[in-house]
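Q: Need a 3D model of the following:
(chains A, B, C and D)
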Number of protein chains: 2
Amino acid sequence: MTNGPLQLPGPPSATWRTDLEPDALPPTPELTGGQRRVLAAAMGLFATKGFVASTTRDIAAELGMQAPSLYNHFASKDAILERLVLFGWAHAHSELLSALVHAGSSPTAQLEALVRTHVLMSCEFPRLTLVIGTETAHLAPEPLAIVRNHRQATRDLLAQVLRRGHDEGSFHIAHLRTTMWTLAAMGQSAAVQYPYQPEIHAAEFAEEFVALALRVAGVAATLSSSAGSDAAVDAQAG
Amino acid sequence: MTNGPLQLPGPPSATWRTDLEPDALPPTPELTGGQRRVLAAAMGLFATKGFVASTTRDIAAELGMQAPSLYNHFASKDAILERLVLFGWAHAHSELLSALVHAGSSPTAQLEALVRTHVLMSCEFPRLTLVIGTETAHLAPEPLAIVRNHRQATRDLLAQVLRRGHDEGSFHIAHLRTTMWTLAAMGQSAAVQYPYQPEIHAAEFAEEFVALALRVAGVAATLSSSAGSDAAVDAQAG
DNA sequence: GTCTATAGGCCGATAGAC
DNA sequence: GTCTATCGGCCTATAGAC
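A: Okay, here's the model as predicted:
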């Protein structure tokens, strides 16, 4: 009843994986090219230094511009953050909703789809995920209210799936609160860690988290199925 | 095979629980009273507005002082953050180490002790947990290196426990990386959420996370044991 | 150990030429 | 749409009285 070997984790690598564009941004049809470039540069800075510590001169320098030129594209530094966060949330919300719609009616398939999509988004746009997760507090009251609605709506998606799976008997959830927080935290972890894990594909990553999510939700088949895959058990961590 | 009812989550409450001191700080024998008060005030501001957005005037105002008076207690604003973060990490590291030592030799008991202690710390000192988790990037290179050592040492504690439990056969871990991140993220979630959950005790909270941690680690008995407690299944979430 | 006064610098944003 | 020049304001930190 013993398992295979399990390597010890080391610290995360210090550099970005070579196949990942740091300033990648989802498609933004309604923006001008200049606005897009400003948003991408701001996203990178906001994610690494934070909104307050990133100056307009920093953002402009990233684009080979002078700071006042930014004001041809956005009315203020606050407006840049606002556009970025609102766009990011709208994108995330619509992706999750779409994943849910295409997942069929089984709560297990729906939970898998939500977690998989969340992790894949976090891997593809890690800096956007970080910004919308950590810089929201610096928004003005009006955009903040919109973000709160998105957040609540996203929570409701997950809660409905968990509730249905629990009522149906395919999930075994003792406490909805902690279960939801744990599932949500997985996506944030992916955004923080994925860029510094050079040797893994986003899709593999997503499946690892999906498997853990099923355990968290108390899906009965979970334990035996992953205990059987002891050959793939070696892993590095950071 | 269906389960009991599960309430839908609402948004978190906007105010702090009445039994929790927002500026609580673990015992600090080596600090003067003035330094302690400055650190407590700074901790609250750093946790809510962030280090960069918190001015020396803000900190002083919290204590009924003028900003220059702070410099009688600390050499600079940076020094305040440094002391706070280094102290917080030293405390967390020693608490986790102590919990591990007192947990006996069973990997399951050790994992339970680590998660329980982590969550309890996050509930008792949520703002300190937040600051050491989110403001570390603003440290100077020298203290940053110390924090990285603490972080690595703490990761190693968890990794050793998971590795032993896996080798022994009591855990079933497919991928160490994602397993560790998920476990670590639970403590952060507790720090963010606990202050706004007025109707639950930290100890209950900790046991909920401990149960989820056992599922994440693939402890065999987990599923059936929590599936049996369907009477306590209703929960609100935020 | 707290205050007032202030230095010196960087910030967001505007004006206006090209 | 980008630039240079610049304003007014707030920031960290120091000087020095009490």
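
Q: List the residues that contact the closest residue to A:Glu62 other than its chain neighbours.
A: Once flanking residues are discounted, A:Glu62 sits nearest to A:Ala41: 3.9 Å by CB to CB, 6 or more residues apart in numbering or on different chains. All C-beta atoms are positioned from the backbone trio N, CA, C, and that covers glycine. A:Ala41 makes contacts with A:Asp23, A:Ile59, A:Glu62, A:Leu63, as judged by CB atoms under 8 Å, 6 or more residues apart in numbering or on different chains.

Q: Just the CA coordinates for the helix or strand containing the second one, please, in CSV.
A: When you say that, I think you mean A:Ile59. Remark: A:Ile59 resides in helix A:56-62, with elements defined by DSSP states H and E. These are the backbone C-alpha positions of helix A:56-62, laid out as CSV (Å, rounded to 0.1, in the frame of the first residue of the first chain):
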residue,chain,number,x,y,z
THR,A,56,2.3,57.3,-15.5
ARG,A,57,5.9,57.8,-16.5
ASP,A,58,6.6,54.1,-16.0
ILE,A,59,3.7,53.1,-18.2
ALA,A,60,4.8,55.6,-20.9
ALA,A,61,8.4,54.5,-20.7
GLU,A,62,7.3,50.9,-21.4
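
Q: So for the residue nearest to A:Ala103 when sequence neighbours are not counted, what's the pLDDT?
A: Among residues not flanking A:Ala103 along the chain, A:Ala113 sits closest, at 3.7 Å (CB to CB, 6+ apart). Looking at A:Ala113, its pLDDT stands at 98.

Q: residues near A:Ala113, how many?
A: Neighbour count of A:Ala113, defined by other CB atoms under 10 Å in any protein chain shown: 21.

Q: Now do it against chain B, distance only.
A: 18 Å (CB to the nearest CB, to the nearest Å).

Q: contacting residues around that residue?
A: Neighbours of A:Ala113 in contact, by CB under 8 Å, 6+ apart: A:Ala99, A:Leu100, A:His102, A:Ala103.

Q: Which helix or strand contains the second one?
A: In this assignment (DSSP H and E), A:Leu100 forms part of helix A:77-101.

Q: now the helices for chain A?
A: A:33-49, A:56-62, A:77-101, A:107-124, A:126-134, A:141-168, A:176-193, A:202-217, A:222-227 (DSSP state H).

Q: Just put those helices in JSON lines and tack on distance to DNA strand D.
A: JSON lines is the format used below for those (distance: least, CB to the nearest atom of the strand, whole Å):
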{"stretch": "helix A:33-49", "distance to DNA strand D": "5"}
{"stretch": "helix A:56-62", "distance to DNA strand D": "6"}
{"stretch": "helix A:77-101", "distance to DNA strand D": "12"}
{"stretch": "helix A:107-124", "distance to DNA strand D": "27"}
{"stretch": "helix A:126-134", "distance to DNA strand D": "20"}
{"stretch": "helix A:141-168", "distance to DNA strand D": "19"}
{"stretch": "helix A:176-193", "distance to DNA strand D": "27"}
{"stretch": "helix A:202-217", "distance to DNA strand D": "33"}
{"stretch": "helix A:222-227", "distance to DNA strand D": "49"}
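
Q: Any idea which of the ones you listed has the lowest pLDDT on average?
A: When I compare these, helix A:222-227 is least confident, with a mean of 53.

Q: Chain B: which of the contacts of A:Ala41 is nearest?
A: Using CB to the nearest CB, A:Ile59 comes nearest to chain B of the contacts of A:Ala41, at 15.5 Å.

Q: that older thread, turn the contacts of A:Ala41 into a markdown table, including neighbour count and distance to B:Asn3.
A: A markdown table is the format used below for these (neighbours: other CB atoms under 10 Å in any protein chain shown; distance: CB to CB, whole Å):
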| residue | neighbour count | distance to B:Asn3 |
| --- | --- | --- |
| A:Asp23 | 17 | 45 |
| A:Ile59 | 23 | 51 |
| A:Glu62 | 17 | 52 |
| A:Leu63 | 16 | 54 |
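
Q: out of the residues you listed, what pair is the most spread apart?
A: Farthest-apart pair in the contacts of A:Ala41 is A:Asp23 and A:Ile59; separation 11.7 Å (CB to CB).

Q: From DNA strand C, how far out is the residue nearest the centre of chain A?
A: Centroid-nearest residue in chain A, with CA atoms, centre = their mean: A:Ser122, separated by 3.2 Å. Using CB to the nearest atom of the strand, to the nearest Å, A:Ser122 is found at 27 Å from DNA strand C.

Q: same thing with A:Arg215?
A: 44 Å.

Q: same deal with A:Ala60?
A: Distance from A:Ala60 to DNA strand C, by CB to the nearest atom of the strand: 9 Å.

Q: How about the contacts made by the nearest residue to that residue once chain neighbours are set aside?
A: Leaving aside its chain neighbours, A:Ala60 sits nearest to A:Ala67 (4.5 Å; criterion: CB to CB, 6+ apart). Residues in contact with A:Ala67, defined by CB under 8 Å, 6+ apart, are A:Thr55, A:Thr56, A:Arg57, A:Ile59, A:Ala60.
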